[in-house]
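# predicted model and sequence follow; I will ask about them next.
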Amino acid sequence: MDSQVKQVIENLKMIESISTRLVAEVESFEVASEKALPYGLKPHTRSVSWLVEQVLVQSFKLNASKLGISEVNYDLPDTALHDISIKIDKNTYLINIKTHQVENRQNKNDISAVEKLYRAYENDANYNLYYAAFGIKFSGRKIHFPVGSVHCFSPQFLPIYVNPRNDKIQAYYQHDPIFRSRSDFLKELSDASTSIRL
């Protein structure tokens, strides 16, 4: 196992630890007043994922010192592969936030457009993206972050399946990682892409 792979594994453990501590700080949030939603919120992840992301990135900033983070940036363009960058001990980590309902069965999810991910990794030898999948639970007008529902992963270690209809990598958020080198990852992406010439 090369040193870059080992470093990604260590970074994943650290990001998952910080994200788990963040969930303990946030716990839950209310989406609207009883007057606005007298019958509660219909459980639908896609409808609230952007809102959940906003709560989490702002909570990272609010709780930065408690989490050992020196800098947080979430003022990013919609086209960015990551939702937030955090700085710890002079190192910057790029994190993409994913959301899923803990009570639903697991499905494969679109993770990223192949070409965009490939270009990011190919153009910058130091580029590393990390995904933090936060489980949520609906209750009335509230969204809860259950303890133990955070799972972090790297695209470099994903089982590579590319949906031929949209050329996006699809994967389960909970999966067995395939520890591969950066160059092997780029080759896998290139070989798996069907509609884009890399």
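Good, I have the coordinates.

# where do the strands sit along the chain?
Using DSSP state E, the strands of the chain run over 28-30, 71-73, 84-88, 91-101, 109-113, 129-139, 142-144, 150-153, 162-163, 168-171.

# just put these in CSV and tack on distance to residue 56 and mean pLDDT.
(Glycine included, C-beta is placed from N, CA and C.) Formatted as CSV, these follow (distance: least, Cβ to Cβ, whole Å; pLDDT from 0 to 100):
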stretch, distance to residue 56, mean pLDDT
strand 28-30, 10, 92
strand 71-73, 11, 95
strand 84-88, 8, 96
strand 91-101, 6, 95
strand 109-113, 17, 87
strand 129-139, 6, 95
strand 142-144, 11, 94
strand 150-153, 10, 95
strand 162-163, 26, 86
strand 168-171, 21, 89
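
# the lengthiest helix in the chain vs strand 91-101, what angle?
Once the chain is assigned using DSSP state H, the helix that runs over the most residues is helix 3-26. Inter-element angle recorded for helix 3-26 and strand 91-101: 60 degrees (by axes from the mean of the first three to the mean of the last three Cα atoms, to 10 degrees).

# buried ones in helix 3-26, by neighbour count?
Across helix 3-26, burial judged by 16 or more other Cβ atoms under 10 Å covers 5, 8, 11-12, 14-16, 18-20, 22-23, 26.

# and of those residues, the nearest to residue 37?
residue 26 (20.0 Å; Cβ to Cβ).

# what's the closest non-adjacent residue to the closest one?
Distances taken as Cβ to Cβ, 6 or more residues apart in numbering place residue 59 nearest to residue 26, at 4.9 Å, with adjacent residues excluded.

# I'd say the one you found and residue 25 touch.
Yes. At 6.5 Å, residue 59 counts as touching residue 25 under the criterion of Cβ atoms under 8 Å.

# returning to what we had before: the buried residues of helix 3-26 into a markdown table, with extra columns for distance to residue 50 and pLDDT?
What follows is the buried residues of helix 3-26, written out as a markdown table (distance: Cβ to Cβ, whole Å; pLDDT from 0 to 100):
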| residue | distance to residue 50 | pLDDT |
| --- | --- | --- |
| 5 | 33 | 94 |
| 8 | 27 | 96 |
| 11 | 26 | 97 |
| 12 | 24 | 97 |
| 14 | 26 | 96 |
| 15 | 21 | 97 |
| 16 | 22 | 96 |
| 18 | 22 | 96 |
| 19 | 18 | 97 |
| 20 | 22 | 96 |
| 22 | 18 | 96 |
| 23 | 18 | 95 |
| 26 | 16 | 93 |
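
# what's the spacing between the residue in the chain sticking out farthest from the centre and residue 141?
The C-alpha centroid of the chain is most remote from residue 35, which lies 33.1 Å away (Cα atoms, centre = their mean). Separation of residue 35 from residue 141 (Cβ to Cβ, to the nearest Å) stands at 10 Å.

# and what of residue 92?
Relative to residue 141, residue 92 is positioned 36 Å away (Cβ to Cβ).

# repeat that for residue 123.
44 Å.

# who has more neighbours, the two?
Shown here are residue 123 and residue 141; by other Cβ atoms under 10 Å, residue 141 has more neighbours (17 against 8).
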